[in-house]
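Q: Show me how the following folds:
(chains A and B, ligands or ions: 3)
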Amino acid sequence: MVDLSVQIGDLCLKNPIMPASGTFSEDLVTVFDLNLLGALVTKTITRGIRQGNPTPRVCEVSGSMLNSIGIPSKGVGQFIANMVPFYQAYNSPLVVSISGNTADEFARLCEEISVPGVAAIEVNISCPNIEEDGKAFAMRPASTLDVMRKLRAATDLPLWAKLTPNTGETSDVARAAEEGGADALVVSNTMLSMSIDVHSRKPRLGNLMGGLSGPSLKPISLRMAYQCAKAVDIPVIGCGGISTIDDVLEYLIAGASAVQVGTATFIHPTVMVQMIGELEAYLRTHNIASVRDLIGSVRDEEAADTVVFMEAAP
Amino acid sequence: MTAAVLHVTPDSIPANERVFESECLVKSNTPVNNDYRLLILDAPAEILNCTPGQFFHIQCPVRGGHHPYLRRPMSIYGYFPEKGELQFLYKIAGEGTAALAELKTGESLNVVGPLGQGFHIADNWQNLLLLARGVGLATLAPLALEAQRLGKKLTAICSARSPELLMSIDYFRDLGAEIITVTDSEGTSDLAHLQGVIEGLIADQGIDAFYTCGSNRLLKLLQEIGAKHGIPGEIALEQQMACGLGMCQCCVRSFRAESGIVHKRVCKEGPVFDLQEAMGW
Ligand SMILES: Cc1cc2nc3c(=O)[nH]c(=O)nc-3n(C[C@H](O)[C@H](O)[C@H](O)COP(=O)(O)OP(=O)(O)OC[C@H]3O[C@@H](n4cnc5c(N)ncnc54)[C@H](O)[C@@H]3O)c2cc1C
Ligand SMILES: Cc1cc2nc3c(=O)[nH]c(=O)nc-3n(C[C@H](O)[C@H](O)[C@H](O)COP(=O)(O)O)c2cc1C
Ligand code: FES
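A: Ligands and ions are numbered 1, 2, ... in the order given. Just a heads-up that it's a prediction; the model follows:
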């Protein structure tokens, strides 16, 4: 019997596979049993009601996708009244993703959503669509520290900080999030991108720019997850371009304690359930008793002298 | 390999709401005319508990230099649980459908479905009018079959650019439908003429409900006639999709509601909507 359970701060997950925010909803109950998943992570919610961005909201780019959905939200009141009770029927812990336009508004929402039935709060300090020109709290260590401190003061629930790949200061932002009181880091969100139709010369997203997700994002997010795991003592949850069991294993070996699967669920709605089975099979085949033995097992010592933590140019 | 579902849905979900990701085998994939092709799949019986108007989300293969990534939504043209058969009528539009056209008999195709809300036929509706153009007929074909099963009188107005591109006429006729064809090349498909034809049908035999899909012009025409004569109707709409399951919110469109204009997801609340709620584009 192999052990798939992992620990994210005080929270024990039965396995390390969970959905990424915005690529999961209660609608998936028609496809498989949600109790199979390590955790249930909701689409980011905001305090007030939001319509979201104009259409087209997605487009395809070389084996990946761009989206500019823009966080449509029915507001926190509706979420607490309808969605929290819905998810209480499942034993996988509920992780609610939240976001706000200002640090204070964000903190207030954090307080409001700290209700029974919510196991952890994922703070989306990284969404490239809502802030002007795609700037987000997690772009810089100072704004990360500031918002995380306010969020920490607003709740006793575990706080997962979701970082952005749109920063040149990955490790510093990660440390700032830890210092500000994050219990785990989710690494990371979509990368700000663009696509243009050469016939009409129009940008292919209604919002002109959007976030890149899917396989093209993986090497970048994997590198970030590796850097963050080295930089902090709290668990890192890998996210970005995971579509096969090998992708899951890469993240775990790089130092992630769990993973979030996003766009791959759009392509294969049952992919997370298949990955859980394949992870168990991998451990068995390799005689590894617990998935925890894999975490951070990357053999990078030989190269350690020459590793330079290069940050992308600003 | 045989046709198979990839994961079993929990028992708590009613059979008609279950969604399956499954591998189906291609039975045939043949041209119907210059523009359209018919794809027939050998499909597991579980996935064929469908309602007319529902769709599947198809993973088009990577083929011939085409690299579709997202799935492509496709209305169900026919579903036959007794034969284990699922059919799609499609038009080659771009990357994904071009790759789909290259699939050979015996190859496997991954499909997700059935998805979305289909058409409704109220018990007291006896005379149904179907109005569609081009590939829109694909969406209405299973509705015609269901109408026949329920013993309803069916009139189908089929519109196309030219008579050669009129599709599924025999199919509708075999179901006992009265067929009226209109085409651009014969100058019979314009709105004024169509309005006359429909008003004539209402006067002669009475029409209880309209069904249409896809065209902005036809939507507006039917909304007008429907409002004037108090005839309800439904329309199947299209929007680009990523997940097809209601998760991503990319497929929203605007609809008229009592509270004002609201967004609804075409994949989940639709693709079939109330005719008067739908907004032109
Ligand atoms: C509910 C529904 C049912 C449909 N049923 C049928 C059918 O029975 N037969 C048929 O031929 N077509 C149908 N369509 C349209 C079909 O999905 C598109 O023609 C197809 O996605 C085009 O893909 P492509 O890769 O060939 O084109 P491309 O232009 O290369 O596609 C690029 C992107 O645009 C999207 N896209 C392009 N055209 C449409 C469209 N009309 N609607 C939505 N998204 C689009 C594609 O999905 C893809 O993401 C339906 C669409 C919807 C939403
Ligand atoms: C359609 C779509 C909507 C998303 N919405 C959110 C969101 O609301 N909040 C958030 O933190 N991330 C959101 N994301 C980002 C994903 O959670 C994830 O970080 C990203 O897609 C990278 O993972 P992937 O490559 O596995 O998809 C969204 C992604 C997609 C594709
Ligand atoms: S396609 Fe994702 S919500 Fe409709």
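Q: Show me where the stretch 151-281 of chain B has its strands.
A: Along the stretch 151-281 of chain B, the segments classed as strands by DSSP state E, counting those that start in this stretch run B:153-160, B:178-183, B:209-213, B:233-236, B:252-257, B:260-265, B:272-274.
Q: can you redo those strands as JSON lines with mean neighbour count and distance to residue A:115?
A: All C-beta atoms are positioned from the backbone trio N, CA, C, and that covers glycine. What follows is the strands of the stretch 151-281 of chain B, written out as JSON lines (neighbours: other Cβ atoms under 10 Å in any protein chain shown; distance: least, Cβ to Cβ, whole Å):
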{"stretch": "strand B:153-160", "mean neighbour count": "22", "distance to residue A:115": "53"}
{"stretch": "strand B:178-183", "mean neighbour count": "17", "distance to residue A:115": "59"}
{"stretch": "strand B:209-213", "mean neighbour count": "25", "distance to residue A:115": "43"}
{"stretch": "strand B:233-236", "mean neighbour count": "26", "distance to residue A:115": "40"}
{"stretch": "strand B:252-257", "mean neighbour count": "17", "distance to residue A:115": "28"}
{"stretch": "strand B:260-265", "mean neighbour count": "15", "distance to residue A:115": "27"}
{"stretch": "strand B:272-274", "mean neighbour count": "20", "distance to residue A:115": "35"}
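Q: could you dump those strands to JSON lines with mean pLDDT?
A: Below are these laid out as JSON lines (pLDDT from 0 to 100):
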{"stretch": "strand B:153-160", "mean pLDDT": "92"}
{"stretch": "strand B:178-183", "mean pLDDT": "92"}
{"stretch": "strand B:209-213", "mean pLDDT": "96"}
{"stretch": "strand B:233-236", "mean pLDDT": "97"}
{"stretch": "strand B:252-257", "mean pLDDT": "95"}
{"stretch": "strand B:260-265", "mean pLDDT": "94"}
{"stretch": "strand B:272-274", "mean pLDDT": "97"}
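Q: Turn those strands into CSV, columns for distance to ligand 2.
A: Supplementary listing: these in CSV, determined by distance: least, Cβ to the nearest ligand atom, whole Å:
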stretch, distance to ligand 2
strand B:153-160, 36
strand B:178-183, 40
strand B:209-213, 26
strand B:233-236, 24
strand B:252-257, 12
strand B:260-265, 12
strand B:272-274, 23
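Q: With distance to residue A:32 added, can I get those in TSV?
A: TSV is the format used below for these (distance: least, Cβ to Cβ, whole Å):
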stretch	distance to residue A:32
strand B:153-160	38
strand B:178-183	44
strand B:209-213	31
strand B:233-236	27
strand B:252-257	25
strand B:260-265	20
strand B:272-274	26
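Q: Figure out which of those is closest to ligand 1.
A: Proximity of these to ligand 1 was assessed by Cβ to the nearest ligand atom; the nearest stretch is strand B:233-236, lying at 6.7 Å.
Q: Show me what the closest one is packed against.
A: Using 3 or more Cβ pairs under 8 Å, 6 or more residues apart in numbering or on different chains; DSSP states H and E as the contact criterion, the secondary-structure elements in contact with strand B:233-236 are helix B:136-149, strand B:209-213, helix B:216-229, strand B:272-274.
Q: what are the pairing partners of that strand, and which direction each?
A: In its sheet, strand B:233-236 lies beside strand B:209-213 (parallel), strand B:272-274 (antiparallel), with partners assigned from DSSP bridges.
Q: contact partners of the first one?
A: Applying Cβ atoms under 8 Å, 6 or more residues apart in numbering or on different chains, the contact partners of strand B:209-213 are B:119, B:121-122, B:125, B:127-132, B:136, B:139-140, B:143, B:218-219, B:222, B:225-226, B:231-237, B:275.
Q: those helices in the chain, which residues are they?
A: Reading this off chain A. In order along the chain, chain A carries the following helices (DSSP state H): A:76-78, A:84-88, A:103-112, A:141-154, A:170-179, A:218-231, A:245-254, A:264-267, A:271-285.
Q: wrong one, I was asking about chain B
A: Taking DSSP H as the criterion, chain B carries its helices at B:95-100, B:136-149, B:169-174, B:191-205, B:216-229.
Q: Tell me which of those helices sits nearest to ligand 1.
A: helix B:95-100 (2.7 Å).
Q: do that closest one and ligand 1 meet?
A: Yes. On the criterion Cβ under 6 Å from any ligand atom, helix B:95-100 is in touch with ligand 1 at B:95-97.
Q: do the same with stretch B:60-72
A: Yes. In terms of Cβ under 6 Å from any ligand atom, part of stretch B:60-72 sits within range of ligand 1, namely B:68, B:70, B:72.
Q: Spatially nearest residue to the last one (excluding sequence neighbours)?
A: Yep, that's residue B:72 we're talking about. residue B:96 (4.4 Å; Cβ to Cβ, 6 or more residues apart in numbering or on different chains).
Q: So the one you found sits against residue B:67, correct?
A: No. Applying Cβ atoms under 8 Å, one finds residue B:96 not in contact with residue B:67, separated by 9.4 Å.
Q: Counting neighbours, go ahead and name the busier of these two.
A: More neighbours sit around residue B:96 than around the other of residue B:96 and residue B:67, counting by other Cβ atoms under 10 Å in any protein chain shown; the figures are 24 against 15.
Q: tell me the contacts of the more buried one?
A: Applying Cβ under 8 Å, 6+ apart, one finds that residue B:96 lies in contact with B:58, B:60, B:66, B:68, B:70, B:72.
Q: What's the local residue count around the last one?
A: So that's residue B:72. 22.
Q: Assess the claim that it and residue B:55 are in contact.
A: No. Residue B:72 sits out of contact with residue B:55 when judged by Cβ under 8 Å, with a separation of 9.9 Å.
Q: Hmm, residue A:214 is touching residue A:67, no?
A: No. Under the criterion of Cβ under 8 Å, residue A:214 lies out of contact with residue A:67, with a separation of 9.9 Å.
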